[in-house]
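A.B. asks: give me a model of this one.
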Amino acid sequence: MAGFFYKLKRMKKRWWVLIGIGMVILIMILANLLNPNRNAKMVMVEETKRGDIIEMVSGPGTVKAKSEVSISTYVLSRVIDIAVEEGQEVKKGELLVQLDGTQYREEVVRASAGVRSAEAALEIAERQLVEGRETFDRQRSLYEDGLISKAEYDRSLTTYSSLETAYRQALSNLEQARALLVAAQDNLSKTRYTSPIDGVVTRINVEEGEVVVPGTMNIAGTEMMVISNMGVMEVEAEIDETDVVKTELGQEAQIELDAFPDRLFSGTVIEISKMPILTEGLESTQMGSTDYKVTVTLSDATPDILPGMSATVDIITATSEDVVYVPIQAIVKRTEDGRIIEGKMQKRVKYVEGVFLIEDNEAVFRQITTGISDDQYIEVKDGLKEGERIISGPYKLLRKMEAGDKVIEMKEEKFERP
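C.D. replies: Below you'll find the predicted structure:
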């Protein structure tokens, strides 16, 4: 009998434990159902700030000398002497390259002989013309006096006309011979190349013994070397089509050179190309993107900056001082009442720019007018004041957030603008 009462007592104790657990679970469920923030989203909140916004467009570039001369061959010949080395300073008129001129010297000799021959032929033709004129004048006087027949006069006129023609032909032959001599002398002169400017030899593309070829209308000739005036350096930057429309002549720029990672150079926009950069013979639009060349002069270049160095160019296109700004990621597009319209009506809806503020754990949409932006922040021209609390993330939540959504601020250290 005692065992029966002991088992009954243990069963009652278990029931009380189960009832207690059930009550705890019931209280938790009721508390969750009655909690107004049970579906709230955790968001990051920032205060709007006031300061300066600097808008920039960027692109990769390459350093080059402002004055750069390519020395290309005009004649077919063989390199017999390279008188300079890469990096060597040269003066205007100093010998750079000597080509084999044997063939062209022979052409000059032949052309000179042709000139002498043509001069002798002209001298003979001129003397014959003078004698022919004297004979014709006598025959004309005799004819006018009736002492010779008209047939004899006509023969004399024909002979004189032939002598005039022969003289003109001899004169033309001399002019052609002299032209051939000038051309031969010019070709011979093109076997010797001197520096057209004071500068530095920045590139040599040939070696002694190599045969160089002149260019044609469709094919460039052999570029033997490049002479650069290092006094003024430039950077040719590639700027995307969406950014080049913001660039203007005279805008300031900041240049970073890979060779000098701890230094920042200043510059000025001096040229904006109107044609896209060609890539491997095709316009860049055919390659999927369009870039334009923007040339920036380096205002504080130093002698250790060399042509060909890689650079990154940041062009300052606009500046706004002492303005209210917010993180770019905080900007959303919604209807004027802060909603997202989906389905068939989506294309008819007019969206406006705005941000979400947090008020009483609820997202409130505020329409704003924006201005210029930098890499992280955007100017707010109208709609916000300094110090207002806006929702700045996470971005995935902002993409789908609507006015009235329940939100809870994340208790994290706020990000301060550097």
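A.B. asks: now the helices for the stretch 151-300 of the chain?
C.D. replies: For the stretch 151-300 of the chain, the helices defined by DSSP state H, counting those that start in this stretch occupy 241-244.
A.B. asks: where does it have low pLDDT?
C.D. replies: For the stretch 151-300 of the chain, the stretches with pLDDT under 70 are 279-288.
A.B. asks: the same query, at a cut-off of 90, please.
C.D. replies: Scanning the stretch 151-300 of the chain for pLDDT under 90 picks out the ranges 152-154, 156, 199, 202, 215-221, 228-232, 261-262, 277-290, 299-300.
A.B. asks: for it, which segments count as strands?
C.D. replies: Ranges of strands in the stretch 151-300 of the chain, per DSSP state E, counting those that start in this stretch, are 192-194, 199-204, 211-212, 223-240, 252-257, 260-276, 278-279, 282-283, 291-298.
A.B. asks: could you dump these to JSON lines with mean neighbour count?
C.D. replies: (C-beta placed from N, C-alpha, C; glycine too.) JSON lines is the format used below for the strands of the stretch 151-300 of the chain (neighbours: other CB atoms under 10 Å):
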{"stretch": "strand 192-194", "mean neighbour count": "16"}
{"stretch": "strand 199-204", "mean neighbour count": "20"}
{"stretch": "strand 211-212", "mean neighbour count": "16"}
{"stretch": "strand 223-240", "mean neighbour count": "20"}
{"stretch": "strand 252-257", "mean neighbour count": "20"}
{"stretch": "strand 260-276", "mean neighbour count": "14"}
{"stretch": "strand 278-279", "mean neighbour count": "12"}
{"stretch": "strand 282-283", "mean neighbour count": "10"}
{"stretch": "strand 291-298", "mean neighbour count": "22"}
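A.B. asks: ok, Y377 - contacts?
C.D. replies: Contacts for Y377 (CB atoms under 8 Å, 6 or more residues apart in numbering) come out as I53, Y325, V326, P327, I328, R417.
A.B. asks: pick out whichever of those sits closest to R105.
C.D. replies: I53 (69.4 Å; CB to CB).
A.B. asks: can I assume the closest one is in contact with D375?
C.D. replies: No - at 10.5 Å, I53 does not count as touching D375 under the criterion of CB atoms under 8 Å.
A.B. asks: show me which of the two is the more surrounded one.
C.D. replies: I53 (21 against 10; other CB atoms under 10 Å).
A.B. asks: stretch 302-311: how far from the chain's middle?
C.D. replies: 17 Å (CA atoms, centre = their mean, to the nearest Å).
A.B. asks: list the buried ones in that stretch?
C.D. replies: I305, L306, P307, M309, A311 (16 or more other CB atoms under 10 Å).
A.B. asks: what's the answer for stretch 369-377, then?
C.D. replies: In terms of neighbour count (16+ other CB under 10 Å), stretch 369-377 has its buried residues at T370, G371, I372, S373, D374, Y377.
A.B. asks: now do the end-to-end distance for that stretch.
C.D. replies: Distance between the two ends of stretch 369-377: 14 Å, counting by CA to CA, to the nearest Å.
A.B. asks: separation between L384 and G51?
C.D. replies: 14 Å (CB to CB, to the nearest Å).
A.B. asks: who has more neighbours, the two?
C.D. replies: Each of L384 and G51 has its neighbours counted (other CB under 10 Å); L384 has more, 19 against 14.
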